[in-house]
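Enquirer: Below are the sequence and a predicted model for it; my questions follow.
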Amino acid sequence: MAKHNAFYAQSGGVTAVINASACGVIEACRRHADRIGHVYAGHNGIIGALTEDLIDTNQESDEAIAALRHTPGGAFGSCRYKLKSIESHRAEYERLIEVFKAHDIRYFFYNGGGDSADTCLKVSQLSEKMGYPLTAIHVPKTVDNDLPITDNSPGFGSVAKYVATSTREAALDIESMCATSTKVFIFEVMGRHAGWIAAAGALAGESAEQAPHVIIFPEIAFDRAAVMARIDEAVKRHGFCVIVISEGAQYADGTFLADAGSTDAFGHKQLGGVAPTLAGMVKADLGYKYHWAVADYLQRAARHIASRTDVEQAYAVGKVAVELALDGQNAMMPAIKRVSEAPYEWQIEAAPLAQIANHEKFMPRDYISEDGLHISDAGRRYLSPLIQGEDFPPFENGLPKVAKLEKVRVARKLPDFTV
């Protein structure tokens, strides 16, 4: 059987385990060296394909590729660059096919979230229209946990573990000082439209009686009076109140509490500081002393406290992506299916990209408490297995060791192309 090359790229905001998926893809390709020659990684995601800036991963040692499994960030560079419609930007898509032809690339692995799934689907459709034999597989990744069909998204479990751990640790700090100091602590986490990460903060306590006392989701319209009443009640009952709030918290009319007035490269509203916004309300309405924190990149980069479940799933979707491609399953995504909840068991199944691209998965209403300010028992049952297990990276001189790649570039064969 003829041997052809593969292309792998990372897209969107990175996670603590996206490189574990890269490891899964590359190691699986090496195990199938009779059918896959070189694995070329796009430098800075799909931009690397457009500009023919390719990294030859075959030049990396087995040890370096294995070390990706415990390295955070995006080892080959990621990007926020969304390909527009084929009709209006056909030149970009044709350029991709030209690059793939020039380097005999027949397998396309795109590691990202919802926008990346859309790109992968479009590349698959265009290659078919142009008569170029390309098998395109989307490798799921997103801390937001908002990809449909898959039970959960690789990257989420580790963020959930970090947020739950940080919430518990901060709560103990606040509790120890609340008699004479801070009464309210607000922890802002990621989640533009879906409140999965905020929900994970609830795992810090065994019930709503323990911190965090309030969780604010994008899926539940923000009611200032109700939230302030709950905060006041918690302070009077416990002496302090811990709040986890999603960056995408919004009013009933869809306006974000923290709309910064601009958009990012994907066309998403730029959100800026919902924690200080809520803190201002606490000061104005209740007069309590407060502190707030924004997890920001720390939550998605925290490989040192990654969930073992998450690492294993991230590696598995990368590995299975290659198997799907070699099996000729085009425009598909390896999805995680929960087989059993107690004990927790999962497996990987193929899901069609047409049912994933441009669709978001939100927190089910029955995962949220009746009053909308905490999680339900069903939500806890869903979340808990995803943070289980530890997979500590090796340490050296007191710090985590990370992969060191050579990143040898592939010689260009085509004229320059500007994005």
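Expert: Noted; the coordinates are in hand.
Enquirer: Please name the nearest non-neighbouring residue to the spatially most central residue of the chain.
Expert: Among the residues of the chain, the one closest to the centroid is residue 142, at 1.9 Å (C-alpha atoms, centre = their mean). Distance criterion C-beta to C-beta, 6 or more residues apart in numbering; nearest residue to residue 142, sequence neighbours excluded, is residue 113 at 3.6 Å. No exception for glycine: its C-beta is placed from N, CA and C like everyone else's.
Enquirer: Report the contact partners of that neighbour.
Expert: 11, 12, 13, 140, 141, 142, 144, 146, 147, 153 (C-beta atoms under 8 Å, 6 or more residues apart in numbering).
Enquirer: One more: residue 179?
Expert: residue 239.
Enquirer: Could you confirm it falls within a helix?
Expert: No: counting by DSSP: H, G, I helix; E, B strand; the rest coil, residue 179 is not part of a helix but coil.
Enquirer: phi, psi of it?
Expert: Residue 179 has phi and psi values of phi -60, psi -30 when expressed as degrees, to the nearest 10.
Enquirer: separation between it and residue 73?
Expert: 41 Å (C-beta to C-beta, to the nearest Å).
Enquirer: helix or strand for residue 206, which one?
Expert: Following DSSP states H and E, there is no helix or strand that holds residue 206.
Enquirer: coming back round to it: surely the residue nearest to the centre of the chain and residue 112 touch.
Expert: Yes: contact criterion C-beta atoms under 8 Å: residue 142 and residue 112 qualify, at 7.4 Å.
Enquirer: Identify the contacts common to those two.
Expert: In contact with both residue 142 and residue 112: residue 12, using C-beta under 8 Å, 6+ apart.
Enquirer: where does the residue nearest to the centre of the chain fall, helix, sheet strand or coil?
Expert: Following three-state DSSP, residue 142 is assigned to coil.
Enquirer: Could you pull up the contacting residues of it?
Expert: 12, 13, 15, 112, 113, 114, 153, 155, 156 are the contacts of residue 142 under C-beta under 8 Å, 6+ apart.
Enquirer: again with residue 367
Expert: 199, 375, 376, 378, 379, 382.
Enquirer: Mind giving me the ChimeraX select for the residues you listed, buried ones only?
Expert: A single ChimeraX command selects the buried members of the contacts of residue 367 (16 or more other C-beta atoms under 10 Å):
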select :199,375,376,379,382
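Enquirer: Specify the local secondary structure of the residue lying closest to residue 252 once chain neighbours are set aside.
Expert: Nearest residue to residue 252, sequence neighbours excluded (C-beta to C-beta, 6+ apart): residue 221, at 3.9 Å. Secondary structure, three-state DSSP: residue 221 is coil.
Enquirer: doesn't residue 256 make contact with residue 221?
Expert: No: counting by C-beta under 8 Å, residue 221 does not reach residue 256; the two are 11.8 Å apart.
Enquirer: on that earlier part again, could the contacts of residue 113 go into CSV alongside pLDDT and distance to residue 232?
Expert: Formatted as CSV, these follow (pLDDT from 0 to 100; distance: C-beta to C-beta, whole Å):
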residue, pLDDT, distance to residue 232
11, 97, 44
12, 95, 39
13, 95, 35
140, 98, 41
141, 98, 40
142, 97, 36
144, 97, 31
146, 97, 32
147, 98, 38
153, 98, 36
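Enquirer: which pair in these spans the largest distance?
Expert: 11 and 146 (14.9 Å; C-beta to C-beta).
Enquirer: For residue 174, pull up the helix or strand it's in.
Expert: helix 156-177.
Enquirer: The helix or strand following that helix: partners in the sheet, and parallel or antiparallel?
Expert: Using DSSP H and E, the next helix or strand after helix 156-177 towards the C-terminus is strand 184-189. Partners of strand 184-189 in the sheet, by DSSP bridges, are strand 241-246 (parallel), strand 290-294 (parallel).
Enquirer: can you give me the angle the shortest one makes with helix 156-177?
Expert: Strand 290-294 and helix 156-177 are oriented at 160 degrees to each other (axes from the mean of the first three to the mean of the last three C-alpha atoms, to 10 degrees).
Enquirer: Give me the contacts around strand 290-294.
Expert: 170, 174, 182-188, 273, 275-276, 278-279, 282-283.
Enquirer: what do you get if the cut-off is 10 Å, keeping everything else the same?
Expert: Applying C-beta atoms under 10 Å, 6 or more residues apart in numbering, the set of residues contacting strand 290-294 from outside is 166, 170, 173-174, 177, 181-190, 231, 241, 243, 245, 247, 272-283.
Enquirer: That strand - what's its average pLDDT?
Expert: The pLDDT scores in strand 290-294 average 98.
Enquirer: Quick one: residues contacting the residue located most distally from the centre of the chain.
Expert: Computed with C-alpha atoms, centre = their mean, the residue of the chain farthest from its C-alpha average is residue 180, at 39.1 Å. Applying C-beta under 10 Å, 6+ apart, we find residue 180 in contact with residue 289.
Enquirer: Mind pulling the model confidence for it?
Expert: pLDDT, residue 180: 97.
Enquirer: re the thing from before, return the members of the contacts of strand 290-294 classed as buried.
Expert: Buried among those by 16+ other C-beta under 10 Å: 166, 170, 174, 182-190, 231, 241, 243, 245, 247, 274-275, 277-279, 281-282.
Enquirer: hmm, back to that, sort out for me which of the contacts of residue 367 are in helices.
Expert: Counting by DSSP state H, those place 199, 378, 379, 382 in helices.
Enquirer: Looking at those residues, which one is closest to residue 371?
Expert: residue 379 (13.3 Å).
Enquirer: what sits against the closest one?
Expert: Going by C-beta under 10 Å, 6+ apart, residue 379 touches 195-196, 199-200, 202-203, 215, 363-364, 366-369.
Enquirer: Looking at those residues, which is nearest residue 133?
Expert: Closest approach between these and residue 133, by C-beta to C-beta: residue 196, at 37.6 Å.
Enquirer: Much appreciated, bye for now.
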